[in-house]
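Asks: Next input, structure requested:
(one chain, ligands or ions: 1)
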Amino acid sequence: MSAISVTHLGKSFGAVRAVDDLSFTVERGTLTAFLGPNGAGKTTTLRMILGLVTPTDGTAVIGGTAYRDLERPVSTVGAVLEATAFHPGLSARTHLEALRIAAGLEAGRVAHVLEQVDLTGAADRRTKGFSLGMRQRLALASAMLGDPEILILDEPANGLDPAGMRWLRGFLQACVHRGRTVLVSTHVLAEIGQIADQAIIIGGGRLAWQGPLTSRTDLEELYLEVTR
Ligand SMILES: Nc1ncnc2c1ncn2[C@@H]1O[C@H](COP(=O)(O)OP(=O)(O)OP(=O)(O)O)[C@@H](O)[C@H]1O
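Replies: The predicted structure is shown next:
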């Protein structure tokens, strides 16, 4: 059973056809790059997979089950969608602790995810002083709280400096080495091309290309060719 299956998925916002007859699968234990120009429909697709937007047509399922019907959603899927807002007066640790309690997870999870995203040293600082990179890492920590099998990330590389980008690359690789499945949308082709097992490229809401990536794939060339 695929980790994620999208079948003839479509979404219209009034006259705008954001996603149109889109089908693809993401296999377990793989890192998949979800690519496409601005407005291609990536965020809308990810939100439909996560049950946050209702499809006009088709289905999106996680391990065969719609997100809203998952028995244990937090340990099945962790998601980071766009720049998440945190309460500026709360520390990273307090923010995570609140989420942990709401999700009924064990106490040790907060220290564990802080360590995973390299925020242990800043855990007790208020998030209002956090850099963009630290915010991205805190958002990732929130997504990791339930130790999910699948991570869905919408442009997690946005605004990261080169060191942050390298850190994110290592983090995503480590997730996949531990058997997790990662679906990540990004515009940073050079970075993702180094680590992704496959790419799904969409344009105008439709599938433009899906296939495996090898060290010989020139992802930028491929992307520009299929999204022309
Ligand atoms: N809530 C909404 N209401 C109306 N139109 C929307 C809504 N959400 C998205 N759209 C439109 O749907 C299309 C796809 O948008 P989407 O955000 O999914 O693209 P994207 O590939 O994530 O783009 P980007 O790379 O710029 O983030 C765009 O034309 C967008 O304007």
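
Asks: use CA for all of it now, contacts and neighbours both
Replies: OK.

Asks: Show me what counts as buried in the longest helix seen in the chain.
Replies: Of all the segments assigned as helix in the chain under DSSP state H, the longest by residue count is helix 162-177. Buried residues in helix 162-177, counting neighbours by 16 or more other C-alpha atoms under 10 Å, are found at Gly164, Met165, Trp167, Leu168, Arg169, Phe171, Leu172, Gln173, Cys175, Val176.

Asks: do you know how far the second one is from Thr181?
Replies: From Met165 across to Thr181, the span is 19 Å (C-alpha to C-alpha, to the nearest Å).

Asks: Also the first one?
Replies: Note on Gly164: its distance to Thr181, by C-alpha to C-alpha, is 21 Å.

Asks: And for the fourth one?
Replies: Note on Leu168: its distance to Thr181, by C-alpha to C-alpha, is 15 Å.

Asks: tell me, what residue is most central in this structure?
Replies: Leu153 (1.3 Å; C-alpha atoms, centre = their mean).

Asks: Might you report the residue contacts of that residue?
Replies: Ala79, Val80, Leu81, Val182, Leu183, Val184, Ser185 (C-alpha atoms under 8 Å, 6 or more residues apart in numbering).

Asks: Quick check, pLDDT for it.
Replies: Here the pLDDT value assigned to Leu153 is 97.

Asks: Please report phi then psi for it.
Replies: For Leu153, the backbone dihedrals (degrees, to the nearest 10) come out as phi -120, psi 130.

Asks: Find the residue closest to His177 in space, skipping its chain neighbours.
Replies: Using C-alpha to C-alpha, 6 or more residues apart in numbering and skipping the chain neighbours, the partner closest in space to His177 is Gly29 (7.8 Å).

Asks: Now for the one you found: which residues touch it?
Replies: Contacts of Gly29 by C-alpha under 8 Å, 6+ apart are Val176, His177, Gly179, Arg180, Thr181, Val182.

Asks: And the pLDDT at the first one?
Replies: I take that to be Val176. We have a pLDDT of 97 for Val176.

Asks: do the same with the fourth one
Replies: The predicted local distance difference test score for Arg180 is 97.

Asks: so it touches Ile152, yeah?
Replies: No. Assessed by C-alpha atoms under 8 Å, Arg180 is found out of contact with Ile152, at 10.9 Å.

Asks: Spell out which parts of the chain neighbour the ligand.
Replies: Within the chain, the residues that sit near the ligand (C-alpha under 6 Å from any ligand atom) are Phe13, Ala18, Gly36, Pro37, Asn38, Gly39, Ala40, Gly41, Lys42, Thr43, Thr44.
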